[in-house]
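K.L.:
Have a look; sequence and predicted model below, questions after that.
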Amino acid sequence: MSTERIAIYPGSFDPITNGHIDILSRSLKMFDRVIVALADNVRKKPLFTVEERREQILRAVSFDSRVEVDAFSGLLVTYVKERGARFVVRGLRALADFEYEFQFAHMNHRLAPDVDTIFLMTAAQYFYVSSSLVKEVAQFGGDVNWMVPPGVPEALRERLGVFKAPQPKDVP
């Protein structure tokens with residue numbers, strides 16, 4: 001039996017944000033290896049393909065070889081066990097996140113009592129940053145550079161067909 005402490009950090013990461021990177025960086029202080037698992041979320045229609053999201057994440061996490069990026073579909077706990085992990089890492093931004101994640105953590109624990117969910121609070125500067133918000137701001141030409149890793153703003157502009165941010169009009 002391996003003594004390596006492996007955690008799964010699941011999500012759609014469409015696109016990855018600096019809030020995700022914050023949670024991932026802090027997870028690496030607790031675990032030997034973290035697998036960023038791109039979830040096939042049936043409730044969401046992704047802007048980027050799995051491969052595009054994988055590339056964005058790999059570019060963003062090139063700082064640490066202990067990070068692996070993979071994709072899965074089906075039950076999270078099944079994937080966790082297949083990968084030999086015992087921990088699931090989830091980031092929390094607000095109370096609404098907690099309520100949602102609380103339900104999933106308890107269901108996962110019921111399905112797999114040996115799998116624990118670790119919750120990390122997102123850093124204050126990223127409390128309100130979500131992939132959905134990033135996409136909306138980018139769609140209307142807003143600056144998302146501070147919310148996402150390098151390369152992601154360009155990918156968003158290209159995918160959304162937004163090539164230049166609107167300039168403020170002169171006010172007399």
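P.N.:
Nice, thanks for sending it over. Quantities reported herein were computed from a predicted structural model and do not represent experimental measurements.
K.L.:
could you pull out the helices for the protein?
P.N.:
Under the criterion DSSP state H, the chain carries helices at the ranges 18-27, 50-60, 76-82, 95-111, 131-139, 152-160.
K.L.:
Deepest-packed of those, please.
P.N.:
With neighbours defined as mean count of other CB atoms under 10 Å, the helices of the chain peak in mean count at helix 18-27, which reaches a mean of 21. No exception for glycine: its C-beta is placed from N, CA and C like everyone else's.
K.L.:
Does V61 touch V67 like I think?
P.N.:
Yes - V61 sits in contact with V67 when judged by CB atoms under 8 Å, with a separation of 4.4 Å.
K.L.:
Give me the common contacts of those two.
P.N.:
Shared contacts of V61 and V67 (CB atoms under 8 Å, 6 or more residues apart in numbering): 24, 36.
K.L.:
So for P10, which of the helices of the chain sits nearest?
P.N.:
Distances from P10 to each of the helices of the chain were compared using CB to CB; the shortest belongs to helix 76-82, at 5.7 Å.
K.L.:
ok, residues contacting that closest one?
P.N.:
With CB under 8 Å, 6+ apart as the criterion, helix 76-82 contacts 8, 10, 37, 39, 72, 86-88, 104, 108, 111-112, 115.
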